[in-house]
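S.K.: Structure for this input, please:
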Amino acid sequence: MNRKALEQQIIAKQSVLCVGLDTDLAKIPKHLLKEEDPIFAFNKAIIDATQKYAVAYKPNLAFYEAEGLNGWKSLKKTVDYLNDHYPEVFTIADAKRGDIGNTAARYAKAFFEELNFDSLTVAPYMGEDSVRPSLEYRAKWTILLALTSNPGAKDFQLQSNGERRIFEEVLRQSQEWGSEEQLMYVVGATKAAFLKVVRQIVPNHFLLVPGVGAQGGSLKEVMENGRGQSSAALLINSSRGIIYAGQDEDFAKIAATKAAELQEQMARYL
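M.R.: Now for the predicted structure:
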């Protein structure tokens, strides 16, 4: 999906909502455990119920890998379902991969060719050669971890080299590797105070912002401080606050209500 198509969907839906599919068999409604593929049954119901309000979906790979081969099958069925039934939505493989070049190339092939995701989250710690293979897929997006929402972000990302903090260095240097047409950044909602700094460095790149909802990030602060210079250029993720809002047979309906509430709030700023 190119940038224009993503921006058009944001305008059409008046939403920058990304629904995180962090599907945990221990947390989904118990009646779904009788299904042949409980993970896919849950994901399908959530997708069908929320697609009117969401512009993106983000399966977190850890939840699928933990289930072994069955988890990978559920993941494949999920992304195929999105591509077949809702091709206008943006798909994110939240894998946080980062390795030497030849290994990174295999990761890129797996998620872009075999699974056909629109984007892949990548850790930039090992430098340009670990990121370059995913950027070689010109029609796909690479989403670099810049400033994450977890408490441990302070251990490295907020440390300074004397001139600038490490997350700022990531933002500055990586712009030489790819353009705003294929390179996004992860900036956690719990670090919303830093969004103005981020936007000074990358005024137009899309930002993927996790941490709104269960992690306590402020949607208002993110929307006000995280807008791009020329467009919204945001994807704001909510996972647990939407997908686990209900635990009974009406779980998908409750998820839709939660997604609609976020979309309505987003629309005020768009």
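
S.K.: What is the neighbour count of residue 259?
M.R.: For residue 259, the count of nearby residues is 25 (other C-beta atoms under 10 Å). Glycine gets a C-beta too; all of them are placed from N, C-alpha and C.

S.K.: Please list the residues outside the strand or helix carrying it that contact it.
M.R.: Element membership of residue 259, judged by DSSP states H and E, is helix 251-269. Under the criterion C-beta atoms under 8 Å, 6 or more residues apart in numbering, residues 13-17, 19, 28-29, 45-46, 48-50, 52-54, 212, 219-220, 223-224, 227, 232, 236, 238, 241-243, 245-246 lie in contact with helix 251-269.

S.K.: Show the pLDDT at residue 232.
M.R.: According to the predicted model, the pLDDT of residue 232 comes to 89.

S.K.: Tell me if I'm right that it and residue 8 touch.
M.R.: No - using C-beta atoms under 8 Å as the test, residue 232 is too far from residue 8 to be in contact (11.7 Å).

S.K.: Which one's more surrounded, those two?
M.R.: Neighbours per residue (other C-beta under 10 Å) separate residue 232 from residue 8, with residue 232 holding more: 21 against 13.

S.K.: Quick check: the more buried one vs residue 55, distance?
M.R.: Distance of residue 232 to residue 55, given as C-beta to C-beta, to the nearest Å: 10 Å.

S.K.: Now for the two: what residues contact both?
M.R.: With C-beta under 8 Å, 6+ apart as the test, residue 232 and residue 55 both reach 10, 16.

S.K.: pLDDT averaged over the helix holding residue 259 - what is it?
M.R.: Helix 251-269 comes out at a mean pLDDT of 97.
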